[in-house]
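*Asks:* turn this into a model:
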Amino acid sequence: MTQWFAHRGVSIAKPENTMAAFKLAEEKGADGIELDVQLTRDNKVIVMHDLSINRTTNGRGTIRSKTWDDLKKLDAGSWFSGAYEPIPLLEDVVSWLSGNTLLVNIELKGPLKTMPDLIRAVKAIVEPALPASRVIISSFHHPTVVSLHEEWKEPEKALLVSSGLYKPLRYLQQAEVFSLHVKRQTISDKEMVELMEQGITVRVFTVNDEKALQRLVNLQVDGIMTDHGILPITLSH
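*Replies:* Numbering: from 1, shown residues only. Below you'll find the model as predicted:
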């Protein structure tokens with residue numbers, strides 16, 4: 001059965017990557033949430049998509065140039081809805097997740113040189129609090145995902161892909177990563193079905209269109225990431 005992931009939380013209704021967006025995903029009955037993590041200058045793990053704070057807060061500058069003391073004062077909600085929302089730390093989200101059963105897809109982001117430190121910091125937060133069966137670690141930087149074979153073996157690992165792969169099954173097998181998070185426009189139905197038949201977990205992002213959602217449900221893809229969090233419409237199964 002297809003699982004539903006709230007992309008940056010229910011980001012169509014609440015400011016993205018905030019506790020309000022994540023909590024709404026639970027209320028709506030999503031199977032999991034997708035979020036992005038990065039390191040601050042003082043190596044705190046915050047939840048935010050962009051490398052800069054310009055778009056989603058009332059601050060300016062890059063995350064890596066700011067300390068947590070700088071960032072915790074900012075408003076990450078008023079730009080969207082007029083209501084104040086703080087930037088969450090990953091530890092805040094994980095503490096909340098420990099009280100429910102949602103899956104969490106953690107996308108590693110930020111400058112490449114920070115990735116080893118980011119992995120260690122995320123592991124230190126997540127591993128004691130959540131069973132590995134509820135955790136998916138993903139990144140567009142595939143060497144980082146492959147490095148998790150040594151750094152953090154237990155959680156599911158996924159390669160994020162936003163363009164077509166040549167011989168995707170071979171690519172995944174060589175990387176020893178068996179989950180693919182793929183942009184819908186870059187993969188055919190036939191390719192998805194063939195990958196799933198070979199034991200690859202296929203999750204598709206970011207899908208909000210009714211017809212596209214219905215098609216993916218009919219294909220029985222493993223997961224859909226949507227800004228709606230879960231079925232925004234009544235779909236036939």
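
*Asks:* under the pLDDT cut-off, which ranges of this structure? List them.
*Replies:* Applying pLDDT under 70 to the chain flags the ranges 232-237.

*Asks:* can you pull out the helices in it?
*Replies:* Along the chain, counting by DSSP state H, helices occupy 19-28, 68-71, 78-81, 90-97, 115-126, 142-151, 168-175, 189-197, 210-219.

*Asks:* quickly list what the residue nearest the centre of the chain is bridged to.
*Replies:* Centroid-nearest residue in the chain: residue 34, 3.1 Å away (criterion: CA atoms, centre = their mean). On the basis of DSSP bridges, residue 34 is bridged to residue 7, residue 105.

*Asks:* hmm, it is touching residue 3, no?
*Replies:* No: the criterion here is CB atoms under 8 Å, and residue 34 misses it with residue 3 at 11.2 Å. Using the backbone N, CA and C atoms, a C-beta is placed for each residue, glycine as well.

*Asks:* now stretch 129-137: how far from the chain's centre is it?
*Replies:* Put simply, stretch 129-137 sits 13 Å off its chain's centre (CA atoms, centre = their mean, to the nearest Å).

*Asks:* what residues does it touch?
*Replies:* Residues outside stretch 129-137 that contact it (CB atoms under 8 Å, 6 or more residues apart in numbering) are 32, 94-95, 97-98, 101-106, 108, 122, 126, 145, 148, 152, 154-158, 179.

*Asks:* what's the answer for stretch 55-72, then?
*Replies:* Outside stretch 55-72, the residues that reach it (CB under 8 Å, 6+ apart) are 15-17, 38-42, 44, 46, 48-54, 74-76, 78-80, 86-87, 89, 110-111, 114.
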